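**Q** pasting a predicted model and its sequence here:
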Amino acid sequence: MPTAAQMDQLESQVRREEEPEYARLSQMRAAGQLSPGEYEVQKQSLDLRVQNKVDNMVWSRHALAQSHLKSMGMPTPDLPVSNLPPGVGSIQGSLYTSSRLNGLGNQIQANAMQSMGTSSFQKGTSAGTAYDP
């Protein structure tokens, strides 16, 4: 990211490059070719043009630096390092292995969830209930 000092330095450099245009506007005002209002409008337009040029130069350089880092595989704010955690529960025999994630535990849970969604379970007419026919 460009610092404020870098932007100020670049702005002063661009203003020096545009100094002939500022001098021309001052001469036109002194000669009476421009009214004070017209002078201010044209000067503000020139100031805006200088500021836009500075912004474009700074952010173009920043974008080039970012794309250089990306091409080298380095992390950038819009392309961070992929830092995925290890698969919790995916290691068989691990202390953190969940019976819900793999094997028989997963199948039992799926069957229970499926039967809870059926109409026979919701009516209370499943085998082993008080309403068993």
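**A** Ah, there it is.
**Q** what about stretch 19-36, average pLDDT?
**A** In this model, stretch 19-36 carries a mean pLDDT of 92.
**Q** count the neighbours of the closest residue in space to R29 that isn't next to it in sequence for me.
**A** Distances taken as Cβ to Cβ, 6 or more residues apart in numbering place Y39 nearest to R29, at 4.3 Å, with adjacent residues excluded. Every C-beta, even on glycine, is put in place using the N, C-alpha and C of the backbone. Other residues within reach of Y39, judged by other Cβ atoms under 10 Å, total 16.
**Q** what about Y39, which SS state?
**A** Taking DSSP: H, G, I helix; E, B strand; the rest coil as the rule, one finds Y39 in the helix state.
**Q** so it sits against L25, correct?
**A** Yes: using Cβ atoms under 8 Å, Y39 is in contact with L25, at 6.2 Å.
**Q** still on that earlier bit, gap between the residue nearest to R29 and Q27?
**A** Taking Cβ to Cβ, to the nearest Å as the criterion, Y39 is separated from Q27 by 11 Å.
**Q** which neighbours do those two have in common?
**A** Residues within reach of Y39 and of Q27 at once, by Cβ atoms under 8 Å, 6 or more residues apart in numbering: there are none.
**Q** ramachandran angles for L79?
**A** When quoted as degrees, to the nearest 10, the phi and psi of L79 stand at phi -140, psi 70.
**Q** show me the contacts for it.
**A** Applying Cβ under 8 Å, 6+ apart as the definition, the contact partners of L79 turn out to be K70.
**Q** show me what it bridges to in the sheet.
**A** Going by DSSP bridges, L79 is paired in beta bridges with T76.
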